[in-house]
Each structure stands twice: as structure tokens, then as C-alpha cells.
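Enquirer: sharing a model that was predicted from the sequence below.
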Amino acid sequence: VRLPGGSNALAGLTLFQPDFQADPVGAGDSASTTTDDTIAPHVYWVQNEQDWAWGVGLYFPFNDVVEWPADWAGRLEVENVEINIGYLSFSGAYAVNDNLSFGGSLLYIRGEATLEKDTDALAGF
């Protein structure tokens, strides 16, 4: 793909509407999560100069909190999960001729996850 010369930019939003359902095998009640919709932004910019091009991108694909009911059967395994991930990319390319070009990217990824679970104080009794 050859972009027109000069600067090119792209920005957008992605809507995530997660919904999780747990159906236990055997006895127990099923449970579903309470999760808010999440909007993930992304922004990309590229500068194209003759045979050279370089650009920067920023993207946040996962930023969400999933909360299970306090009385669900799996509360001792997981009750709440929070995930935050962001990508920052730096890219460059050089076109040797119309049929051959080289390019590469450096990608910085930052992620954080928090998992909370219930504890059963009477488990050993």
C-alpha cells in the first residue's frame, strides 16, 4: 500500500460489550457478570516522504472490569477482574523501488491485570 505523500492520520473508537455467563456442571446456580460497555480509542499517524515513511500508533484494546456476583459458586476462584492494556508503536519503511521495500516497528506494550477472589474463612473447619 502506498499512501499519498505528506501526513496521513487515522483515529477511531471501538465499542466492546462483554457479557460472560458461567453454568456450573452438576449442582449450583448459573451466574452472569455485571460489566459496563467499554470504548477503546486508537490513533495512528504516518509521514510519507518520497521513498521514506515513518509513523506512530497508539491503541488501547483492553480496558475493562468484570464483576461476578458475590454469591456465585466460583467466587473462591475469581470475583472481580480488571484488565488494562495499551500499545504504542513506532514504525518506519524505505522503498528501494516500486517492487521492493523494507519496514519495521518497535512496539511498547503496557499491561496490568488485577484479580480479586473471595476467601472462605471457615474452609478448614
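Expert: Perfect, I can see it now.

Enquirer: contacts and neighbour counts: CA atoms only from here.
Expert: OK.

Enquirer: could you check how far residue 6 is from residue 89?
Expert: Per Cα to Cα, to the nearest Å, residue 6 is found 19 Å from residue 89.

Enquirer: likewise residue 63?
Expert: 18 Å.

Enquirer: which other helices and strands does whatever helix or strand residue 59 lives in contact?
Expert: Element membership of residue 59, judged by DSSP states H and E, is strand 52-67. Judged by 3 or more Cα pairs under 8 Å, 6 or more residues apart in numbering; DSSP states H and E, strand 52-67 is in contact with strand 38-49, strand 80-95.

Enquirer: ok, residues contacting it?
Expert: Outside strand 52-67, the residues that touch it by Cα atoms under 8 Å, 6 or more residues apart in numbering are 33-36, 38, 40-48, 79-95.

Enquirer: filter the residues you listed to the buried ones?
Expert: Buried by 16 or more other Cα atoms under 10 Å: 33, 38, 40, 42, 44, 46-48, 79-80, 86, 88, 90, 92-94, out of the contacts of strand 52-67.
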